[in-house]
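Engineer: Generate coordinates for the sequence data below:
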Amino acid sequence: MSFCFGNIPNFAIVLSHLKISNYAIIEELDVSFENGFVVLTGETGAGKSIILGALGLVLGERADLSVLNVKEQKAIIEAEFDIKNYGLKPFFELHNLDFEPLTIVRREITPSGKSRAFVNDTPVKLNVVKELSSRLIDVHAQHQTLSIQQSDFQLDLVDRFAGISDKVRDYESVYNGWKQDLTKLNELQELEKEARAQEDYFQFQFDELEKVDLSSEQHEQDESDLQLLENAEEIKRAFYESSAGLSEGEGNALERLREVKQLLGEIKEFGDKPAELFERLNSSLIELEDVAQELANESENVDLDPERLEVIRERMDEVNRLMHKHNVQSVSELDELKSDLSEKLEKMGSLSDEIEELTNKIQQNENELWESAKQISKSRKDALKPLAQKVEELLRKLGMEKAEFEIDCQIQDSLGQKGIDELSFLFSANAGMPKREISKAASGGELSRLMLALKYILSQHKNLPTIIFDEIDTGVSGKIAGMLGKMLRDLAGNMQVFAITHLPQVAGQGNQHYRVFKYEEGGLTKSQLKLLDENDRVDEIASMLSGEERGEAAVQNARELLK
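Structural biologist: Below you'll find the model as predicted:
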């Protein structure tokens, strides 16, 4: 069932449906919302803030077990958003989500304390939900009036009024990269400083290894040559004596074998065996003659070269010294160490190039940032006076006839996150009083009305489909309350506006009116939401005007407020 009153704005609903299950004192809640101005009323403690808290979960806020109504069951909060007209398809593509014109965001809190978030039934991280919701809904609660004193809020308001929000975001993107590069440059310079302190030592170690042939083949050859040279005399003697024993002197081995060969040659024709033995002996004799000749040759070839022996010994000693020095067991490990040192030295050399390249990039981005910051600053300055005049105009409508508002802008000599401007919101509530910073000049009620005026302006310049005001009307009454209600109704002409309110003048302006109420069931306190029809609204607003003992005058006044 849907009860809508007054002219309903013709734009797509954003928050179209809300379901809450097992959250705080809400057992089950299923409610639909229309376009325009939606008001929620009810007694203090009826559960208005609980509903807002549940909505906060699907907007990405943190949750804990205390929100569970029945501790053994999970809490589920589900919100449906009509987003077909808000250009969000690229966001869904970026996060690999199915784009649906009616998108459902769901949060679940389990009895074990785990929290899960879903967009169109796809599990997502909480930051994705938060980013999506930031493009859909802005919640303004009473305690947020303090944000009016914060630099980010002030700059955001001025930038949106000036129409330069995108330009400021582009500036911030370059600025953040520039700051990261500055940090990286500092790290590289520290690395270079450390590298310079070690470079000479690394270079010495590398040069030491570079002077030695560290190939495994050379090392194996040196080991073989060393063994040969160290035993050259013994080897030469053995070769010579062996050769002599085979082929020199009377009755040498070869001579005796030749005699045996001659004897066998005389009988080789007398059978297979003599012939076989003759051939075998002949082959052995040929082989031994060859051995004798090779022994003689090798005896001559053995080089008694003490100088070469010394060179190889020195080279082997140096290799062994380096292995011991670097605590390695093989030449291949020494070669790996040399490669590592070469790589380190090469990186040290490239550090200077990297630092130079990064320094140039930083300077280029800094020049770009200064140019952009100056343009942003000019746009802000051009917007300050018109914005202040608009704020004063709205404050007069809210009963602050003599209020004065001014925005002071001071140029800083260094780049900041949002440019080079430092803003101060100056305010005076009464004629003849000097304008001072808001924190020193505005009372609680004045601060609320000033915040409302600023939020009104911000909402007109911020591409948000839905805004929720939680008791923004605190400290306002009478004629001013009526004007506040009309302002919110006017704001709802091009966006969906929710107001949680205690003021009948504000409630009377709604297109759709819900009452939040408590009841007891089974010894438990529960909260529920009721969509009011025309008669219900008269009763509710009359009660807001005069309490439970409402008379005919209150009823008549309620009807007047609903006209």
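Engineer: Now do the same contact list for A141.
Structural biologist: Shown in contact with A141 (CB atoms under 8 Å, 6 or more residues apart in numbering): L52, D470, E471. No exception for glycine: its C-beta is placed from N, CA and C like everyone else's.
Engineer: and it, what are its bridge partners?
Structural biologist: With DSSP bridges as the criterion, A141 is bridged to D470.
Engineer: How much space separates it from D470?
Structural biologist: For A141, the distance to D470 (CB to CB, to the nearest Å) stands at 4 Å.
Engineer: Mind listing the shared neighbours of the two?
Structural biologist: Shared contacts of A141 and D470, counting by CB under 8 Å, 6+ apart, come down to L52.
Engineer: which secondary structure elements does the longest strand anywhere in the chain contact?
Structural biologist: Counting by DSSP state E, the longest strand found in the chain is strand 404-416. If contacts are counted by 3 or more CB pairs under 8 Å, 6 or more residues apart in numbering; DSSP states H and E, strand 404-416 sits against helix 165-210, helix 331-397, strand 419-428.
Engineer: for the ones you listed, which one sits closest to V119?
Structural biologist: helix 165-210 (23.5 Å; CB to CB).
Engineer: Specify the angle between that closest one and helix 331-397 in degrees.
Structural biologist: Angle, helix 165-210 to helix 331-397, by axes from the mean of the first three to the mean of the last three CA atoms, to 10 degrees: 170 degrees.
Engineer: I'd like the distance between Q512 and K374.
Structural biologist: 48 Å.
Engineer: Give the residue from these two that has the larger number of neighbours.
Structural biologist: Q512 (22 against 13; other CB atoms under 10 Å).
Engineer: For that one, what are phi and psi?
Structural biologist: phi -140, psi 140 (degrees, to the nearest 10).
Engineer: one step back: mind giving me the PyMOL select for the contacts of A141, buried ones only?
Structural biologist: To isolate the buried ones among those in PyMOL, judged by 16 or more other CB atoms under 10 Å, type:
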select buried, resi 52+470+471
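Engineer: would CSV of the contacts of A141 with pLDDT and distance to E540 be doable?
Structural biologist: Output for these, formatted as CSV (pLDDT from 0 to 100; distance: CB to CB, whole Å):
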residue, pLDDT, distance to E540
L52, 86, 19
D470, 82, 19
E471, 74, 17
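Engineer: ok, so of the contacts of A141, who is nearest E248?
Structural biologist: Distances from E248 to the contacts of A141, taken by CB to CB, are shortest for L52, at 118.2 Å.
Engineer: Quickly note the distance from that closest one to L529.
Structural biologist: Taking CB to CB, one finds L52 at 12 Å from L529.
Engineer: Tell me which strands the longest strand of the chain pairs with, and in which orientation.
Structural biologist: strand 419-428 (antiparallel).
Engineer: Show me what the following helix or strand past the partner strand pairs with in its sheet, parallel or antiparallel.
Structural biologist: Counting by DSSP states H and E, the next helix or strand C-terminal to strand 419-428 is strand 436-437. Partners of strand 436-437 in the sheet, by DSSP bridges, are strand 419-428 (antiparallel).
Engineer: mind listing what's buried in the partner strand?
Structural biologist: In strand 419-428, counting by 16+ other CB under 10 Å, buried: G419, I420, D421, L423, S424, F425, L426, F427, S428.
Engineer: Could you give the average pLDDT over it?
Structural biologist: Mean pLDDT, computed over strand 419-428, is 93.
Engineer: Same check on stretch 255-269?
Structural biologist: Mean predicted lDDT for stretch 255-269 stands at 86.
Engineer: Tell me which of the helices and strands packed on strand 404-416 sits most buried.
Structural biologist: strand 419-428 (a mean of 20; mean count of other CB atoms under 10 Å).
Engineer: now what about it, what contacts it?
Structural biologist: Against strand 419-428 from outside (CB under 8 Å, 6+ apart): 148-149, 151, 154-155, 158, 168, 171, 370, 372-374, 376-377, 380, 402-414, 416, 434-438, 441-442, 446, 450.
Engineer: can you check stretch 278-288 too?
Structural biologist: Counting by CB under 8 Å, 6+ apart, residues outside stretch 278-288 touching it are L246, A253, L254, L257, R258, V260, K261, L264, G265, K268.
Engineer: next one: stretch 56-64
Structural biologist: 53, 67, 75, 77-79, 105-107, 109, 113, 115, 117, 126-127, 129-134, 137, 139.
Engineer: Narrow those to those that are buried.
Structural biologist: 53, 67, 75, 77-79, 105-107, 109, 115, 117, 126, 129, 132-133, 137, 139.
Engineer: where are the low-confidence patches of the stretch 1-150 of the chain?
Structural biologist: 1-13, 142-146 (pLDDT under 70).
Engineer: Pick out the shakiest of the helices and strands packed on strand 404-416, pLDDT-wise.
Structural biologist: Among those, helix 165-210 carries the lowest mean pLDDT (a mean of 86).
Engineer: What helices and strands are in contact with that one?
Structural biologist: Short answer (3+ CB pairs under 8 Å, 6+ apart): helix 165-210 packs on helix 151-162, helix 331-397, strand 404-416.
Engineer: isn't L334 right next to M323, touching?
Structural biologist: Yes: if you go by CB atoms under 8 Å, L334 and M323 touch, sitting 6.2 Å apart.
Engineer: intersection of neighbour lists for those two?
Structural biologist: Counting by CB under 8 Å, 6+ apart, nothing touches both L334 and M323.
Engineer: Just the ones of the buried ones among the contacts of stretch 56-64 in strands?
Structural biologist: Going by DSSP E, the strands hold A75, I77, E78, A79, V105, R106, R107, I109, S115, A117, I137, V139 from the buried ones among the contacts of stretch 56-64.
Engineer: what's the closest of the residues you listed to S352?
Structural biologist: A117 (48.2 Å).
Engineer: Pairing-wise in the sheet, spell out the partners of the closest one.
Structural biologist: Counting by DSSP bridges, the residues bridging with A117 are R107, V124.
Engineer: Could you grab the helix/strand/coil label for the closest residue to T122 other than its chain neighbours?
Structural biologist: In this structure, T122 finds its nearest non-sequential neighbour in L97, 5.6 Å apart by CB to CB, 6 or more residues apart in numbering. Classification of L97 using DSSP: H, G, I helix; E, B strand; the rest coil returns coil.
Engineer: Against H17, how distant is L97?
Structural biologist: 19 Å.
Engineer: Between the two, point out the one with more neighbours.
Structural biologist: L97 (20 against 16).
Engineer: Please state the backbone phi and psi of that one?
Structural biologist: Torsion angles, degrees, to the nearest 10, at L97: phi -110, psi 150.
Engineer: contacts for stretch 181-199?
Structural biologist: Contacts of stretch 181-199 (CB under 8 Å, 6+ apart): L345, K347, M348, L351, S352, E354, I355, L358, T359, K361, I362, N365.
Engineer: which ones are touching the fourth one?
Structural biologist: When you say that, I think you mean L351. So L351 contacts L188, L191, E192, A195 (CB under 8 Å, 6+ apart).
Engineer: Would you mind measuring from the first one to S342?
Structural biologist: Applying CB to CB, the value for L188 to S342 is 21 Å.
Engineer: cool, L426 as well?
Structural biologist: 66 Å.
Engineer: what's the answer for E393, then?
Structural biologist: For E393 relative to S342 (CB to CB), the value is 74 Å.
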